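Peer 1: dropping a prediction and its sequence here:
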Amino acid sequence: MPSLIRSILYLEGNLETKVFSDPITGLVRRIREVAIRRDGRLVFLGNDTEVGQPEDAELRRAGYY
């Protein structure tokens, strides 16, 4: 598996907010996250040192056309 540090990803899913109480400070915290479930997608597009956009053929293989 390639390293995901400084990688460019395409995420498709539900934007959700989790609410919890911080055990150290006791403050109520809210965190936004993308929940990728059945119909969601995660596509590795490359890293920031690679220049350029994905080719049309790459997007077709991922199911975007």
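Peer 2: Good, I have the coordinates.
Peer 1: doesn't A57 fall inside a strand?
Peer 2: No. Assessed with DSSP: H, G, I helix; E, B strand; the rest coil, A57 is helix; it does not lie in a strand.
Peer 1: tell me what N14 is bridged to.
Peer 2: N14 forms beta bridges with A35, as assigned by DSSP bridges.
Peer 1: so where do the helices sit in this structure?
Peer 2: Along the chain, counting by DSSP state H, helices occupy 56-61.
Peer 1: so where's it shaky on pLDDT?
Peer 2: The chain contains residues with pLDDT under 70 at 1-4, 48-56, 58-65.
Peer 1: wait, L27 sits on F20?
Peer 2: No. Applying C-beta atoms under 8 Å, one finds L27 not in contact with F20, separated by 9.8 Å. Just so you know, the C-beta spots here come from the backbone N, C-alpha and C atoms, and that holds for glycine as well.
Peer 1: ok, the closest residue to S21 other than its chain neighbours - contacts?
Peer 2: Of all residues beyond its chain neighbours, the one nearest S21 is V28 (5.7 Å), with distances taken as C-beta to C-beta, 6 or more residues apart in numbering. Going by C-beta atoms under 8 Å, 6 or more residues apart in numbering, V28 touches 19-22.
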